[in-house]
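Visitor: no FASTA, just this:
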């Protein structure tokens, strides 16, 4: 199996024109009042169809051929805005169009597209899939770029580490940069020792050298946007080794990197007027004779010393050097994304990622963007009262406060120590994984917060 390379996925949309089959997306009220196509209504009543949320009823022609489909939206379609994602997995293969639907054209098309995702790279048998004609009143180009960003993030996370180690993640990063004619710089191996000592420390035990990837795109003078993503390609926990059950999903520990790459794709594809910078520290947290140890103390790029109280709290270490580097340029907006703490999952579950910021206006804008895009987010506090918990006995700060309480907040406070020049910074503690199938996702690697962030950034530079 060849390693993953950045590619443009084919879209699940039919742009060739020609004959397409109709889909009548309906609520129970449409059936009760008879306000749909008479043939579809007659068939629905004969079949006892109730238009329950996500239900599908195929409609035959008089000759017995497939003539269309009824798709149920339930009583309140707004409760599941991307319910049309189910269509992409339940419709027979063929070309379709939405005939009627009480949803916006953008929402129903994006829902179908999100639900169409398949990760079948390692499957011997490939299944055929339906395609949808994008309605004329939908923004097809923007829908496709959002899908491309989401699918890139999902692909990168779903790819196992034997095909997505530091070398392969760098290859995908280079491919993305080349596609959009962005500049790229890479510092790797022992060259990290002086300027990115924590990145080197965490990754030095791996057979694949640690590295820091940097991409620049856009025009100087435009709004400076910097994205930082945690790129731990696999996390054993280091010498504080994880139990086997906790390692099963550790291929997703580079989910922050995957998500900022997906977001960068959207920004560059939309040609937004920004000065974009993407920084990704890439490591594998492995075990060998030269692995870093509990009790070690290391000096960071910023000069702060860090006491290692748990080698499984490695993500914040590599982010510390990357954030310090990003902050030296004082961008107008600095975003970091990381699969950082289990505490965030305990607090909010797998589907609702928290974000942390002291910028009240940014927090409000991100909340509004989350609601407008149905890309869930929730703000948690950078509570100064917990600063005492990250103090270390023998160094400036510890990477693993004792007690385990408020773990997502103390991790965010740790990162905050490395951002001093930038006034508008937000940290996203994402899960990067959907444990089960949802209408807009088959489960597995997941893009989180990037559609909301793209919407916010797009609005801010208009």
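Guide: Sure thing, it's come through. Since we're looking at a predicted model, the values are computed, not measured.

Visitor: Residue 263 against residue 456, yeah?
Guide: No. Under the criterion of C-beta atoms under 8 Å, residue 263 lies out of contact with residue 456, with a separation of 10.6 Å. The way it works is simple: take the backbone N, C-alpha and C, and place the C-beta from them, glycine included.

Visitor: So for these two, which residue has more residues nearby?
Guide: residue 263 (29 against 23; other C-beta atoms under 10 Å).

Visitor: Identify the spatial nearest neighbour of that one, chain neighbours not counted.
Guide: Using C-beta to C-beta, 6 or more residues apart in numbering and skipping the chain neighbours, the partner closest in space to residue 263 is residue 450 (4.2 Å).

Visitor: check contacts around the one you found.
Guide: 149-150, 153, 259-260, 262-263, 266, 375 (C-beta atoms under 8 Å, 6 or more residues apart in numbering).

Visitor: Residue 168 now?
Guide: Under the criterion of C-beta under 8 Å, 6+ apart, the contact list for residue 168 reads 3-4, 159.

Visitor: Work out for me the element it sits within.
Guide: Secondary-structure assignment from DSSP states H and E places residue 168 in helix 166-179.

Visitor: same deal with residue 146?
Guide: Residue 146 belongs to helix 140-158 when assigned by DSSP H and E.

Visitor: got it, and residue 452?
Guide: For residue 452, the element it lies in under DSSP H and E is helix 450-460.

Visitor: ok, back up a step: what's the most distant pair in the contacts of residue 450?
Guide: Maximum pairwise distance in these, criterion C-beta to C-beta, is 14.9 Å, between 260 and 375.

Visitor: more crowded one of these two?
Guide: Neighbours per residue, other C-beta under 10 Å: of residue 260 and residue 375, the larger number sits with residue 260, 28 against 21.

Visitor: did I read that right, the more buried one in a strand?
Guide: No. According to DSSP: H, G, I helix; E, B strand; the rest coil, the state of residue 260 is helix, so it is not within a strand.

Visitor: what's near enough to touch it?
Guide: Contact partners of residue 260, counting by C-beta under 8 Å, 6+ apart, are 227-229, 278, 280, 335, 337, 450.

Visitor: the helices in the stretch 51-200 of the chain, which residues?
Guide: Using DSSP state H, counting those that start in this stretch, the helices of the stretch 51-200 of the chain run over residues 87-90, 105-115, 140-158, 166-179, 192-195, 197-203.

Visitor: Among these, pick out the one with the most neighbours on average.
Guide: Across the helices of the stretch 51-200 of the chain, the average number of neighbours (mean count of other C-beta atoms under 10 Å) peaks for helix 197-203, which reaches a mean of 27.

Visitor: Please tell me how far it is from the chain's geometric centre.
Guide: Here helix 197-203 shows a centroid-to-chain-centroid distance of 25 Å under the convention C-alpha atoms, centre = their mean, to the nearest Å.

Visitor: ok, and for whichever helix or strand comes after it, which residues are buried?
Guide: Tracing the chain C-terminally past helix 197-203 and defining elements by DSSP H and E, one meets strand 211-218 next. For strand 211-218, a neighbour-count test (16 or more other C-beta atoms under 10 Å) marks 211-218 as buried.

Visitor: Give me the neighbour count for residue 238.
Guide: By other C-beta under 10 Å, 22 other residues sit near residue 238.

Visitor: Quick check: the gap between it and residue 230.
Guide: 15 Å (C-beta to C-beta, to the nearest Å).

Visitor: can you check residue 166 too?
Guide: Relative to residue 230, residue 166 is positioned 13 Å away (C-beta to C-beta).

Visitor: Quick check: residue 322 touching residue 195?
Guide: No. Distance between residue 322 and residue 195: 11.1 Å, which falls outside the contact criterion (C-beta under 8 Å).

Visitor: Ends of stretch 365-380, what's the gap?
Guide: Using C-alpha to C-alpha, to the nearest Å, one end of stretch 365-380 lies 15 Å from the other.

Visitor: hmm, who's touching that stretch?
Guide: Outside of stretch 365-380, the residues within contact range by C-beta under 8 Å, 6+ apart are 81-82, 344, 347-348, 351-357, 363, 408-409, 412, 426, 428, 448-453, 455-456, 459-460.

Visitor: Sort out which of those are buried, if you could.
Guide: For the contacts of stretch 365-380, burial is judged from neighbour counts taken by 16+ other C-beta under 10 Å, and it is met by 81-82, 344, 347-348, 351, 353-357, 363, 408-409, 412, 426, 428, 448-453, 455-456, 460.

Visitor: What strands line up against whichever strand in the chain runs longest, and which way round?
Guide: Taking residue count as the measure and DSSP state E as the definition, the longest strand of the chain comes out as strand 274-285. Each strand paired with strand 274-285, and its direction, by DSSP bridges: strand 211-218 (antiparallel), strand 223-229 (parallel), strand 231-235 (parallel).

Visitor: how much does it deviate in direction from helix 450-460?
Guide: Going by axes from the mean of the first three to the mean of the last three C-alpha atoms, to 10 degrees, strand 274-285 is angled at 160 degrees with respect to helix 450-460.

Visitor: and the direction of strand 274-285 versus that of helix 166-179, what angle?
Guide: Interaxial angle, strand 274-285 versus helix 166-179 (the same axes, to 10 degrees): 170 degrees.

Visitor: Could you give the average pLDDT over strand 274-285?
Guide: For strand 274-285, the per-residue pLDDT values average out at 98.

Visitor: Which positions in the very next helix or strand once past it come out as buried?
Guide: Remark: after strand 274-285, the chain's next helix or strand is strand 297-299, criterion DSSP H and E. Using 16+ other C-beta under 10 Å as the test for burial, strand 297-299 gives residue 298.

Visitor: residues making contact with strand 297-299?
Guide: Defining contact as C-beta under 8 Å, 6+ apart, one finds that strand 297-299 is touched by 197-198, 201, 292, 305-308, 317, 394-395.
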